[in-house]
Every structure is written in structure tokens, then in C-alpha cells.
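Student: Fold the following.
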Amino acid sequence: MLERELLKKIKEGNSTIFHYFMDLYSKDLYLFALGYVRTREIAEEVVSDVFLSVWQNRQKLDQIRSIRTWLFVMTKNRSISYLRKENPDTILSIDDVGEVDNYFISNIQAPDSQIISDEEMARINGAINALPPKCKEVFMLAKIEKIPYKEISRILNISVKTINVHIAKAVGLISKILNE
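Tutor: Predicted structure coming up:
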């Protein structure tokens, strides 16, 4: 079903279509939230809050240009709000983004179509975790979540050129670490 048709049905209050919509986006939003809040239960709560907000504001869905970008921005904002609420005296920065777990990239395959071993996966995860925080966040969105650069630009409020710089830096650093 096309995105606009999907949103129209949700706007009309079709709960079956809304459940399909949630299934379509929930895993990606959950993994994205988990990168911020670091706790599975809290990430689930953040995503639930996002979907509750979508349902409550469904009459305005036709005003959204890119639903995927909007959902990721809402998830990021809810995650940061949660972290600020939990630690009101702490200034939150990108350094607070959590580390990569194996389930983020467990289904990547090597160029020769052989499954990457657990040891190799641990090395890749270690290399990703060694990236500078902002670089890691951009890399995760672009290469793991496969979000287009223009959407990442909107989500993180940075230019596409900056995204290119982060990706090039990430690939270089990961390659260097893996070749050691």
C-alpha cells in the first residue's frame, strides 16, 4: 500500500491499517531509540509514545511530507526528552548515544555471500563503537538503518555534505581498525 493511501486510512481511524503501519516502522524506531536510551524497556516505551502521538494526531498526517523522517525525528526527540527527564542536571550531548549491540548488524553478509562469523561481527561492532559519537550516529542511520542522506539531514539537522564527511571518516576508521 502506498504511503499516502496508508496515511489516509489511518486518518480515517482504521485501526487495522494503523497496526500494519506500526509493524512497518516499529523495529527501526526501536533500534534508533535504543541507541539513545540504552535500555530495551525504555526504547519500547519511547516508540509506544511515538505511535500513541501519531494516533492522537492522525488528523494532521496529511501535512507530513516524509512520514519516515517525521517518525525518526519524533523518536529522537522523545528519547532525548526521556534522558533529560531522568537526569535534569545533566547536559545531554551526542556523546551520550549508546554503543552498538550485535543485533544492529547481525544480518550483514560478506561480499562472497558467506555469513560473517561471530568473531568477525564482534570486531566490526568494536570498530563501529570506536567511532566518534556523531560519526557513529550518522554511520548507523546511513549504513545500518539504510536511511537516505536527505532524511538523515532532516533528522539530525545537518547538511548532506556533512553526512558525506562523517560516512567517509567512519569507513576509513572502520577499515583501519579491521586491518590492524
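
Student: what comes up buried for the lowest-mean-pLDDT helix or strand in the chain?
Tutor: Lowest mean confidence among the helices and strands of the chain (mean pLDDT, DSSP states H and E): helix 118-129, at a mean of 80. Neighbour-count burial for helix 118-129, counted by 16 or more other Cβ atoms under 10 Å, picks out 123-125, 127-128. For every residue, glycine as well, the C-beta is placed using N, CA and C.

Student: Among these, list the two that are farthest apart in space.
Tutor: Across the buried residues of helix 118-129, the longest distance by Cβ to Cβ is 9.9 Å; it joins R123 and I128.

Student: Pass me the low-pLDDT residue ranges in this protein, would you?
Tutor: Within the chain, the stretches with pLDDT under 70 are 1, 88-117.

Student: Throw the buried residues of helix 118-129 into JSON lines and include distance to S66, thanks.
Tutor: Listed next are these as JSON lines, based on distance: Cβ to Cβ, whole Å:
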{"residue": "R123", "distance to S66": "35"}
{"residue": "I124", "distance to S66": "30"}
{"residue": "N125", "distance to S66": "30"}
{"residue": "A127", "distance to S66": "31"}
{"residue": "I128", "distance to S66": "26"}
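
Student: From the residues you listed, pick the one nearest D28.
Tutor: Taking Cβ to Cβ as the measure, D28 sits nearest to I128 out of these, at 17.3 Å.

Student: Nearest the middle, which residue of the protein would you pick?
Tutor: Central residue of the chain (Cα atoms, centre = their mean): F32, 3.1 Å from the mean position.

Student: List the contacts of it.
Tutor: Neighbour list for F32: 72, 75-76, 79, 141, 145 [criterion: Cβ atoms under 8 Å, 6 or more residues apart in numbering].

Student: in the longest helix belonging to the chain, what's buried?
Tutor: If you go by DSSP state H, the chain has its longest helix at helix 15-37. By 16+ other Cβ under 10 Å, the buried positions in helix 15-37 come out as 17-18, 21-22, 25-26, 28-37.

Student: Moving C-terminal from it, which element do we reach first?
Tutor: helix 40-56 (DSSP states H and E).

Student: quick one, domains of this protein?
Tutor: Using automatic domain parsing, the domains assigned to the chain come out as 3-86, 96-178.

Student: Go ahead and confirm I155 touches F72.
Tutor: Yes. Taking Cβ atoms under 8 Å as the definition, I155 is a contact partner of F72 at 4.7 Å.

Student: what sits in contact with each of those two?
Tutor: Contact criterion Cβ under 8 Å, 6+ apart; residues shared by I155 and F72: 141, 147.

Student: Count the neighbours of F51 for me.
Tutor: By other Cβ atoms under 10 Å, 19 other residues sit near F51.
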